[in-house]
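Trainee: requesting a structural model of the entry that follows:
(2 chains)
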Amino acid sequence: MATDDPIIRMRNASVTYDHGESYVLDDVSLDVERNEILGIVGESGSGKSMLASAMLDAVPDPGLLEGSITYVPESGSKVDILELDKPGLRSLRWEEVSMVFQGAMSSFNPTMEVGDHFRETIQAHDMDLESGMDRAHELLEDLYLEPERVLNSYPHELSGGMQQRALIALSLVLDPELLVMDEPTAALDLLMQRSILILLRELQEKYDLTMIFITHDLPLVAALADRMAIMYAFKLVEIAPTREIVEHASHPYTRALLNSTPNLDASLEEMQPIEGSSPAPINLPGGCAYHPRCPLATEECRTTVPEFERTADGHVAACHHTDEAVDRIPLNYEELLREDTLGPDGDRA
Amino acid sequence: MNSQPVLSLEDVEVHFENKPGLLDFGADPETVRAVDGVSLDIAERDVVSLIGESGCGKTTLGKACIGLQRPTGGTVRYRGDDMWAVRDGTTNTDTEWADIRTSLQIIHQDPGASLNPNRRLISILSEPLRQVNPELSKGEKRERIYSLLEHVGMNPAADFAERYPHQLSGGEQQRVALCRALLMNPDVILADEAISALDVSLRVEMMDLMLDLQEEFDTSYVFISHDLSNARYFTEHGDGRIGVMYLGQLVETGPAEQLINDPKHPYTEVLRWATPDLSLEQSGELPMRKIDIPDPVNPPSGCRFHTRCPEAREVCARDQPADYRLGDQRAACFRHDETHEYWDSPELTD
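Mentor: Residues are numbered from 1 along each chain as shown, chains lettered A, B, ... in the order given. Purely as a prediction, here's the structure:
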């Protein structure tokens, strides 16, 4: 889907293994808007991490990445990421686009102090050490950490939440434009997750960052993201501003996902698991890959792959039955949404 | 129904001693106060959820409940008998330690690691039956196992029974772990973050299954989670209570819906804030003064939450609040005593 001022433009990106036998990313086109926070949501094995790897041409061997991916810097000329040589990719990956993964412990070298990670990163990219470390101090403070204490600690001396925040600071020390995070908070307890989300929003505003947040947890990222992209079976099935997704999701899968999530507001009787399980990368169902689990599936869904259909401003869904989805799959928190629009004294009758 | 609780904890303390290493020769040993003065009853067919952030002591308390962790203070009673006195043989009772351990079971967060990778499901699940019902014939055991596997949705059971754990998905492994625990005919199952490793969309299904089997097997659950919405779902459906833990202490207990809709302790409110919901109306402000939980080696004086609490006043740093009884809820916060000196105490400034 095209946007006005994209920082990343991805067109028809596919990743295949076994000589094209199995698709782990299937014809994905997506623009990432400059200075937005984009949430990419999908269940385990839906291809969401592969999407992030593809964006940086970091698909694990022997995967084959096809399509086009363009990085558009604020000033200067566009970069075709798939045409970059190794040194070009290397500088792009830390200085322009940075990544944070789940489990900080495996990203840090356990035998090095946290401060050495910062120094090594700054020097490897030929930046001035002193100003780089000043920036490190500021970032650590932004993340509610005591800079001296953290820099002089070994990773294992910090709690999981502190490690993950230190890793976010490290990823931003070279002043990148775009931060891609893959389940950055998944191993942490909810309170730390939410606290980190608040800090990410503050960082985004302070440093004019663009952020991509990849997760299986839709309600979590709904509190942070400006826009969401939903993945199912290695494809994007719906893209829309967060409020649109939460209030008017048009893809049956998105609606099922919203209904399956335990939350504090929905009435307990209406939380429903999604029937069936998501498909493996070989022998994907024909037509719309969701059709075996979809209550609205018709003959057309079994035979024809649905194209993106525009259902509102900035809102697209890949489904043959977007009109029916809203009426036939009610959201279990709809009453709550109505209360919101009517205000606290809203008449529910 | 028997009015005597299955498990009764009274003023339980679990303190771990951190022995100084060789290099810290001469240093004093540090004491980690994982659980500090907790009292809790678990009735027949009860559901008690323990929630709190990482490092609050909820797992240690759970293990103390089911006899996997010996408390350093206080008592844990199983149907009236002090279980550690039974273990030591210092009490006159017919209850055997082995029976207590059999009737208190656990399922872990990572089911893959708790199932023997070299054995088929049929052999994994025969083991508890062999212990509890040694008189059953091979055919009867097989029948029992098949019917339970079918019950948890693993069809065809005969096919699943011949599989190894690695041939199952995470959700299926967790169901096998649940079956194994249930075949011991336990009185209480400790479910320690048992659904946290599952995809969000599979959690409701697993919780439904656990509650469904509770009816059949007549068991109680101690459900440990850091996620208030999961604890709410599980507790409300099981008609139970939620206990909120902070640095080794229970700061609030109450029925799920009341505790969530009308939290009486500021820490419960913070957990409520941390639970994502879809209303999109959340404030972008941190409701705490500090992000990180303090070290349990030297817990803060007075109310342990005072270093992060948005409502803290000077008296909170000095005195430890008692448990206030508020209908079905209990909370340890001075703000429930209208005449307490808290109201005249100056606000804490960092």
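Trainee: now residue B:32, what's its secondary structure?
Mentor: Three-state assignment for residue B:32 (DSSP: H, G, I helix; E, B strand; the rest coil): strand.
Trainee: go on, residue B:90?
Mentor: With three-state DSSP as the criterion, residue B:90 reads coil.
Trainee: local confidence estimate at the residue nearest in space to the middle of chain A?
Mentor: Centrality entry for chain A: nearest residue to the mean C-alpha point is residue A:214, 2.6 Å, by C-alpha atoms, centre = their mean. Reported pLDDT at residue A:214 in the predicted model: 95.
Trainee: does any bit of the helix or strand hosting it sit next to chain B?
Mentor: Using DSSP states H and E, residue A:214 falls within strand A:210-215. No - applying C-beta under 8 Å from any C-beta of the partner chain, one finds strand A:210-215 out of contact with chain B, separated by at least 9.2 Å. (Glycine included, C-beta is placed from N, CA and C.)
Trainee: export that strand as PDB, just CAs?
Mentor: Included here for strand A:210-215 are C-alpha records, laid out as PDB according to Å, rounded to 0.1, in the frame of the first residue of the first chain:
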ATOM      1  CA  THR A 210      10.500   5.600  12.500                       C
ATOM      2  CA  MET A 211       9.700   2.300  14.300                       C
ATOM      3  CA  ILE A 212       8.500  -1.100  13.300                       C
ATOM      4  CA  PHE A 213       7.300  -3.300  16.200                       C
ATOM      5  CA  ILE A 214       6.800  -7.000  15.300                       C
ATOM      6  CA  THR A 215       4.700  -9.100  17.700                       C
END
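Trainee: so, in contact with chain B or not, the next helix or strand after it?
Mentor: Using DSSP H and E, the helix or strand that follows strand A:210-215 in sequence is helix A:218-222. Yes - Helix A:218-222 reaches chain B (C-beta under 8 Å from any C-beta) through A:218, A:219, A:220, A:222.
Trainee: who wins for most neighbours among those residues?
Mentor: In terms of neighbour count, residue A:218 stands highest of the residues of helix A:218-222 next to chain B at 27 neighbours, by other C-beta atoms under 10 Å in any protein chain shown.
Trainee: quick one: distance of the strand holding residue A:214 to the chain centre.
Mentor: Distance of strand A:210-215 from its chain centroid, counting by C-alpha atoms, centre = their mean, to the nearest Å, is 4 Å.
Trainee: what residues of that strand count as buried?
Mentor: The neighbour-count check on strand A:210-215 (16 or more other C-beta atoms under 10 Å in any protein chain shown) flags A:210, A:211, A:212, A:213, A:214, A:215 as buried.
Trainee: ok, what's across the strand from the fifth one?
Mentor: Legend: beta-bridge partners of residue A:214 under DSSP bridges are residue A:40, residue A:182.
Trainee: for it, what are its contacts?
Mentor: A:39, A:40, A:41, A:48, A:49, A:51, A:52, A:180, A:181, A:182, A:183 (C-beta atoms under 8 Å, 6 or more residues apart in numbering or on different chains).
Trainee: now the fifth one. Nearest residue, chain neighbours left out?
Mentor: To tie it back to what came earlier, the one meant is residue A:49. Spatial nearest neighbour of residue A:49, excluding adjacent residues (C-beta to C-beta, 6 or more residues apart in numbering or on different chains): residue A:182 at 5.4 Å.
Trainee: if I look at residue A:181, how far off is residue A:123?
Mentor: 25 Å (C-beta to C-beta, to the nearest Å).
Trainee: tell me what the lowest-mean-pLDDT helix or strand in chain B is packed against?
Mentor: Within chain B, no helix or strand scores below helix B:111-114, which has a mean of 85 by mean pLDDT, DSSP states H and E. Secondary-structure packing of helix B:111-114 (3 or more C-beta pairs under 8 Å, 6 or more residues apart in numbering or on different chains; DSSP states H and E): helix B:170-182.
Trainee: let me know the average pLDDT across whatever helix or strand comes next after the helix it packs on.
Mentor: Next helix or strand after helix B:170-182 toward the C-terminus (DSSP H and E): strand B:188-192. For strand B:188-192, the mean pLDDT works out to 95.
Trainee: good, we can wrap up now.
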